[in-house]
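J.: coords please:
(chains A and B, ligands or ions: 2)
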Amino acid sequence: MTIYNFNGQTCRGGKIKVKNLNFYYGSFQALRDINLDIPGCAITAIIGPSGCGKSSFLRLLNRMNDLIYGSRIEGSIELDGNNIFDKAVDVVELRKNVGMVFQKPNPFPISIFDNIAFGPKQHGKKSKIELEEIVENSLKQAALWEEVKDKLGQSALALSGGQQQRLCIARVLSVEPQVILMDEPCSALDPMATLKIEDLMRTLAKNYTIIIVTHNMQQAARVSDTTAFFMMEPDRAGSLVEYGSTSEIFTNPKDKRTEDYITGRFG
Amino acid sequence: MTRYFTDKLAKYIVFISGFTSFIILLLIALFILREGLPAFSEIGVFDFIFGTVWRPGIDQYGILSMIVGSIAVTIVSMIMAVPLGIACAILLAEVAPSKVRNILRPAVELLVGIPSVVYGLVGLVLLVPIISNIGGSGFSILTASIVLMVMVLPTIISISEDSIRAIPVSYREGALALGATKWQTIKGVVLPAAKSGIGAGIVLGMGRAIGETMAMIMVIGNSIAFPGSLLDAARTLTGNIALEINYATGTHESALFATGVVLFIFILLLNSVATVFLKRGSNAQRLS
Ligand SMILES: Nc1ncnc2c1ncn2[C@@H]1O[C@H](COP(=O)(O)OP(=O)(O)OP(=O)(O)O)[C@@H](O)[C@H]1O
Ligand SMILES: [Mg+2]
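T.: Ligands and ions are numbered 1, 2, ... in the order given. This next block holds a predicted model:
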């Protein structure tokens, strides 16, 4: 597998190296023998038919699957050279470094300000001035500040879907992660809101490593630098079919199955 | 056609049953009010509510000491029951493995079904002697409050647990994905999200506390003297009615109904508070 490194300059975004990864829900194998090098400070899209294990894969990267009873993993995932499944790794610290934006916007039912301040507060930032600064910066980075700066005290649930999703992105940014995982972040949004989020992702990719799962081929083509195509094997275990730069995958796929999928012949 | 017919029928049945129960409630309220009114006019509303002497033999009808008694047992029991109840609800909803929960939850629900006279009996036999060691006769506001605490705990626990469980997984995942610990997630996201449900549980528990009669009569001592401390005996509004209604006549009887009116107003106030809480909760859910 080739390593695609787009911008040689240093950035805070972490590199991820997945080695011989197998993942099981009980006796069901959801992922088989995944090997993947995800470049830092770039956007990697994960595409593939429904049920091929894209979400499962993404949730491994910040160990959200730890919460699922009976799930089991073989192999390793390294973030900047450190295996995240190592006994010594603090899961809480890992999740701070590897943030996640979910398919359905999930702001907490508290004020806009408190939504953003929640993360930093848990990590020990207590002073009001510091929190105010973080909230403003995060909202600005998420391109939401102008829309909400006069109503920070209002409930986050009163925002539109697209605003809520940007709030969730701001919330992730507030704890200064290295990697941001996004599981179909635009599937509940209209085209305008989707474009806004895509613009935002491009801006964020200068500083963060972004991994996005999407069913929208145009979106993957528009926004990502590298693309990984997953598919199910006959026993329904997901495996990596092809991985490469996005332009390569979309214009000149090496595998017949990739071509069929992106041209919409199946999946 | 028939589909619309059943639809309409269902609508009317629901409407009529709802209306009937409303009418019955209204009639009860009116009846109590009518029976109590003579007392209010003879004694005077102010003297009735703020009078500290209750001696039907010499036509003295002041219920302040009983209002204080009722409020005292309610507040003291809630001070103990609320933190305990919320802690238990968190334990059941978030911490306990499902095996433990499957035993604890039915046990808690069973507690609701035990008749209050049994709680009174247990309080009488176990608690009164213990409290008398601290001071007084053992029949006291403190004793009654502890019994009440045990009685309202199941209500608070089960309603709080339900509302904690109703918090969508997405909130928890959102918090955990930010690197919050389990406890931080509970404290910072789950409890704030469940607060209207928990609040409603507390108010319902309070309603039960203020209305409780039998168990209170058995352990509170029923003294008509104004209580000076938690170890003093006292009498509740409900207890006052139950103890004297059998032999009361004339103004005395009317004064007992008037006691009921006061109680009714208390409970009405509590229920409106509960409604506000519940409404706020459902609004938040609808928006999400
Ligand atoms: N918690 C779970 N327990 C058991 N099996 C699960 C669990 N979550 C997912 N699976 C199974 O793992 C496989 C992969 O699921 P996953 O959600 O990762 O797919 P996906 O590629 O994200 O699909 P989609 O595009 O529909 O979101 C599916 O067969 C699914 O049924
Ligand atoms: Mg998925």
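J.: Tell me which stretches of the chain form strands.
T.: In the absence of a named chain, chain A is used. Here chain A has its strands, by DSSP state E, at A:16-25, A:28-38, A:43-47, A:71-79, A:82-83, A:98-101, A:179-183, A:209-213, A:226-232, A:238-245.
J.: Chain B, not that one
T.: Secondary structure of chain B (DSSP E): strands at B:54-55, B:60-61.
J.: May I see those strands organised as a markdown table, with mean pLDDT, mean neighbour count and distance to A:Lys19 added?
T.: Every C-beta, even on glycine, is put in place using the N, C-alpha and C of the backbone. As requested, these are exported to a markdown table (pLDDT from 0 to 100; neighbours: other Cβ atoms under 10 Å in any protein chain shown; distance: least, Cβ to Cβ, whole Å):
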| stretch | mean pLDDT | mean neighbour count | distance to A:Lys19 |
| --- | --- | --- | --- |
| strand B:54-55 | 92 | 15 | 83 |
| strand B:60-61 | 92 | 19 | 85 |
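J.: Which one, of those strands, ends up nearest to B:Leu148?
T.: strand B:54-55 (22.0 Å; Cβ to Cβ).
J.: How far off centre is the closest one?
T.: Put simply, strand B:54-55 sits 27 Å off its chain's centre (Cα atoms, centre = their mean, to the nearest Å).
J.: any low-confidence regions in chain B?
T.: Counting by pLDDT under 70, chain B shows low-confidence ranges at B:1, B:278, B:280-288.
J.: Now it against ligand 1: closest residue?
T.: Proximity of chain B to ligand 1 (Cβ to the nearest ligand atom) peaks at B:Val169, 11.1 Å away.
J.: Quick check: that residue vs B:Thr185, distance?
T.: 11 Å (Cβ to Cβ, to the nearest Å).
J.: ok, now A:Leu240?
T.: Taken as Cβ to Cβ, the span from A:Leu240 to B:Thr185 is 33 Å.
J.: just B:Ala258 next, same as before
T.: From B:Ala258 to B:Thr185 the distance is 51 Å (Cβ to Cβ).
J.: ditto for B:Ile63
T.: B:Ile63 is 48 Å from B:Thr185, by Cβ to Cβ.
J.: Of the two, which one has the most company?
T.: Neighbour count, other Cβ atoms under 10 Å in any protein chain shown: between B:Ile63 and B:Thr185, B:Ile63 has more, with 28 against 21.
J.: residues in contact with the closest residue to that one other than its chain neighbours?
T.: Leaving aside its chain neighbours, B:Ile63 sits nearest to B:Thr259 (5.8 Å; criterion: Cβ to Cβ, 6 or more residues apart in numbering or on different chains). Taking Cβ atoms under 8 Å, 6 or more residues apart in numbering or on different chains, we find B:Thr259 in contact with B:Gly36, B:Ile63, B:Met66, B:Leu237, B:Asn240, B:Ile241.
J.: What is the burial count for the last one?
T.: Counted with other Cβ under 10 Å, residues neighbouring B:Ile241 total 19.
J.: Ok, the fourth one next?
T.: Other residues within reach of B:Leu237, judged by other Cβ under 10 Å, total 24.
J.: how about it, what does it touch?
T.: Neighbour list for B:Leu237: B:Ile63, B:Met66, B:Ile67, B:Gly69, B:Ser70, B:Ile210, B:Thr259, B:Val262, B:Leu263, B:Phe266 [criterion: Cβ under 8 Å, 6+ apart].
J.: same deal with the first one?
T.: When the contact criterion is Cβ under 8 Å, 6+ apart, the partners of B:Gly36 are B:Ser254, B:Ala255, B:Phe257, B:Ala258, B:Thr259, B:Gly260, B:Val261.
J.: and which of those residues is nearest A:Leu31?
T.: Checking those against A:Leu31 by Cβ to Cβ gives B:Gly260 as the nearest, at 68.1 Å.
J.: The residue nearest to the closest one when sequence neighbours are not counted: what's it in contact with?
T.: Nearest non-adjacent residue to B:Gly260, counting by Cβ to Cβ, 6+ apart: B:Ile32, 4.9 Å away. B:Ile32 is in contact with B:Phe257, B:Gly260, B:Val261, B:Phe264, counting by Cβ under 8 Å, 6+ apart.
J.: hmm, stretch A:108-116 in reach of chain B?
T.: Yes - against chain B, stretch A:108-116 shows contacts by Cβ under 8 Å from any Cβ of the partner chain at A:Phe108, A:Pro109, A:Ile110.
J.: tell me the phi and psi of A:Ala237?
T.: Main-chain torsions, A:Ala237, degrees, to the nearest 10: phi -80, psi 140.
J.: For the closest residue to B:Gly239 other than its chain neighbours, the count of nearby residues, please.
T.: Using Cβ to Cβ, 6+ apart and skipping the chain neighbours, the partner closest in space to B:Gly239 is B:Ile217 (4.7 Å). Counted with other Cβ under 10 Å, the neighbours of B:Ile217 add up to 21.
J.: coming back round to it: can you flag which of the contacts of B:Ile32 belong to helices?
T.: B:Phe257, B:Gly260, B:Val261, B:Phe264 (DSSP state H).
J.: What residues does the third one make contact with?
T.: I take that to be B:Val261. B:Ile32, B:Leu33, B:Gly36, B:Phe40.
J.: nearest spatial neighbour of it, skipping sequence neighbours?
T.: For B:Val261, the spatially nearest residue (Cβ to Cβ, 6+ apart) is B:Gly36, at 4.4 Å.
J.: Quick check: B:Glu42 touching B:Thr251?
T.: Yes - at 5.6 Å, B:Glu42 and B:Thr251 qualify as touching, with contact defined as Cβ atoms under 8 Å.
J.: what residues are up against the closest residue to A:Ala156 other than its chain neighbours?
T.: Nearest residue to A:Ala156 in three dimensions, chain neighbours excluded: A:Pro107, at 3.8 Å (Cβ to Cβ, 6+ apart). Taking Cβ under 8 Å, 6+ apart, we find A:Pro107 in contact with A:Asn115, A:Ala156, A:Leu157, A:Leu159, A:Gln164, A:Leu167, A:Cys168, A:Arg171, B:Gly174.
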